[in-house]
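A.B. asks: Following is a predicted model, sequence given first.
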Amino acid sequence: MSHMTIHGHEILHHLLEKEPTPAELRNHVCKTYGSGVRFRTCSAEDMSLEELIVFLKDRKKFILLDGKMVAQPEKMCSHSD
């Protein structure tokens, strides 16, 4: 069975709009895409949400500020997919 694959940009755009806590992000992803969703980025494929969060945090695409995930637009790619 193949899983839905979503580009990490979708998550970054959500962070820009909502600044969720990690738990809120997990809930959003599960409700929006389902529990089996996988993620890809410009340089990585087939990641779980937890792997994507680590990937994005390590690359400083977002920071944790007062428990909220705050996107760093200056660190984001400008293309759509």
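C.D. replies: Perfect, thanks for sending it.
A.B. asks: Just after the helix or strand hosting residue 57, pick out the following helix or strand.
C.D. replies: Using DSSP states H and E, residue 57 falls within helix 49-58. Following helix 49-58 in sequence order, the next helix or strand is strand 62-65 (DSSP H and E).
A.B. asks: If we ignore the residues flanking it in sequence, what's nearest residue 60?
C.D. replies: residue 75 (5.3 Å; CB to CB, 6 or more residues apart in numbering). In this view, the C-beta of every residue, glycine as well, is placed from N, C-alpha and C.
A.B. asks: Check the burial of the one you found by counting its neighbours.
C.D. replies: Neighbourhood size, residue 75 [other CB atoms under 10 Å]: 13.
A.B. asks: now the helices for the protein?
C.D. replies: Along the chain, counting by DSSP state H, helices occupy 8-18, 22-33, 49-58.
A.B. asks: So which residue is dead centre in the chain?
C.D. replies: residue 11 (3.4 Å; CA atoms, centre = their mean).
A.B. asks: Quick one, grab the pLDDT at the closest residue to it other than its chain neighbours.
C.D. replies: Leaving aside its sequence neighbours, residue 11 sits nearest to residue 52 (CB to CB, 6+ apart; 6.5 Å). pLDDT recorded at residue 52 is 97.
A.B. asks: Mind listing what's buried along stretch 51-67?
C.D. replies: For stretch 51-67, burial by neighbour count (16 or more other CB atoms under 10 Å) applies to 52-53, 55-56, 61-62.
A.B. asks: how about those residues in CSV, adding distance to residue 4?
C.D. replies: Output for the buried residues of stretch 51-67, formatted as CSV (distance: CB to CB, whole Å):
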residue, distance to residue 4
52, 13
53, 18
55, 18
56, 19
61, 21
62, 22
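A.B. asks: Just the residues contacting stretch 59-69, thanks.
C.D. replies: For stretch 59-69, the surrounding residues in contact (CB atoms under 8 Å, 6 or more residues apart in numbering) are 8, 12, 15, 19-22, 25, 56-57, 70-72, 75-76.
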